[in-house]
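1. based on what follows, work out the 3D shape:
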Amino acid sequence: MGVSKLDVLYRKLLLTKLFIRGWGKPEDLKRIFEFRKIIGNREKCQTLVSKDYPVFIDKVEEQSDCKILEGHFISPLAHYVPGILPVESLVARFQFIIPKRWNSKYRPVCIHLAGTGDHHFWRRRTLMARPMIKEACMASLLLENPYYGCRKPKDQLRSCLKNVSDLFVMGGALVLESAALLHWLEREGYGPLGMTGISMGGHMASLAVTNWPKPLPLIPCLSWSTASAVFTTTDSFKMGQDFVKNFPDSVDSLEDVDVTSRMFDLDSSNKTLSKEAVHSFTTNKSTLSASSERLLIQDAPKMQCINQTFSTSSNNSKDLSSPQGHRINKRRKSDTLQRESLRFMKGVMDECTHVANFSVPVDPSLIIVVQAKEDAYIPRTGVRSLQEIWPGCEIRYLDGGHISAYLFKQGLFRQAIYDAFDRFLQKYAV
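-> Numbers count the residues shown, from 1 in each chain. Take a look at the predicted model:
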């Protein structure tokens, strides 16, 4: 099956602009890893946001076909990981688009989380929310992501998150903010309730639903089981190198991520990877959770090849005294650094974003995943299928790539939403 050339180009343009300041503060990363263990467990997470968590409506606007409510609330993440959110992101803002008249006794609402680059509300309101009112008399609640729109830090350029930790903070915030909104919608008498999102928004919606203690329709579009698929392919080479070079100052602070803290033993003089560090990666993994360990070492046989590469490079370097030999040795070290830096990024990304590290949704049969057959922006090769992680969910494939599906397949996304809500009513309607 082919891949979309447009997706390939988009990936290259995007990856050169993201995470320009590296990993973020070591102490922030440590707190994020610790908090991930809490929100990854539904029994623990569902008690973090109270059922009466305060949500405020600031404005109501009457339009010809709908009412648009604008509101805000304090992100619950600020209470549990103080100081982790930028000041600009502390207040969560949303728009609630509801029909003027309902066509049944139900008042269905779907929460839409924003995809990459989706600032403010216009795009989701125009392409999804308003058509959903006309087609299905279904309301939409549009939550603005941290780091986006009015919640964007002043020194951030457009959608370009400065640190890797920003992505993890965004995910943790959206999990708790989604819970606050679901509680508020229930208090206001709306239902059934569901969640959706496109690309990054679909992945964030998936994480949020894992922690809701009731059956909930979920429709992730053009997303997959982990964010690492976007950032750990070979076209991430330069980005991965920069992260490895910048990481030594952070290593001692990440006590809970033993594998990652031992994985890179960087010599301070030449920033090359030692053979002992790779051996340590394959032997010192006792502190990882079972799921994280499996995700990190599932292709462990490849580590033997990397060890051989180190050995070969070390043995041959004595004979490579000529200029040509130095170039060959430098290229070997560069290739090894590339593989290991991307492996490191994969380990960290999987720890915080892989849905296998979160609880399974209460009823996976209410999940309809929409994928593009030629998606090259989110590669699926070597990534665990959502059907394996969430047995019973449905996967629907569209023709085309990631970008073309986003531009021209919105109607199919909406149909998947309607089908998931109908499925909920068939199973749980009173």
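2. find the nearest non-adjacent residue to Ile98, please.
-> Ala139 (4.2 Å; CB to CB, 6 or more residues apart in numbering). In this view, the C-beta of every residue, glycine as well, is placed from N, C-alpha and C.
3. also Lys214?
-> Val362 (6.1 Å).
4. wait, that neighbour touches Trp212, no?
-> Yes - between Val362 and Trp212 there is a contact under CB atoms under 8 Å: 7.2 Å.
5. count the residues that sit near Lys330.
-> Other residues near Lys330 come to 11 when the count uses other CB atoms under 10 Å.
6. so it is in which element?
-> helix 323-353 (DSSP states H and E).
7. other SSEs contacting that helix?
-> helix 26-39, helix 164-187, helix 228-231, helix 237-246, helix 258-263, helix 290-297, helix 301-317 (3 or more CB pairs under 8 Å, 6 or more residues apart in numbering; DSSP states H and E).
8. and the very next helix or strand once past it, average pLDDT?
-> Next helix or strand after helix 323-353 toward the C-terminus (DSSP H and E): strand 368-372. The pLDDT scores in strand 368-372 average 94.
9. what is strand 368-372 packed up against?
-> With contacts taken as 3+ CB pairs under 8 Å, 6+ apart, strand 368-372 sits against strand 218-221, strand 394-398, helix 402-408, helix 410-428.
10. buried residues in the helix or strand following it, which are they?
-> Later in the chain than strand 368-372, the nearest helix or strand by DSSP H and E is helix 386-389. Using 16 or more other CB atoms under 10 Å as the test for burial, helix 386-389 gives 386, 389.
11. same question, stretch 60-76
-> Buried, per 16+ other CB under 10 Å, within stretch 60-76: 66, 68-71, 73-76.
12. and stretch 364-374, by the same measure?
-> 364-372, 374.
13. thinking again about what came up before, for the residue nearest to Lys214, grab phi and psi.
-> phi -60, psi -40 (degrees, to the nearest 10).
14. got the contact list for it?
-> Counting by CB atoms under 8 Å, 6 or more residues apart in numbering, Val362 touches 212-216.
15. gap between it and Gly189?
-> 21 Å (CB to CB, to the nearest Å).
16. ok so, going back, can you tell me which of the helices and strands packed on strand 368-372 is most buried?
-> Of all the helices and strands packed on strand 368-372, strand 218-221 has the most neighbours on average by mean count of other CB atoms under 10 Å, namely a mean of 30.
17. helices or strands next to that one in the packing?
-> Using 3+ CB pairs under 8 Å, 6+ apart: strand 218-221 touches strand 193-198, helix 200-210, strand 368-372, helix 410-428.
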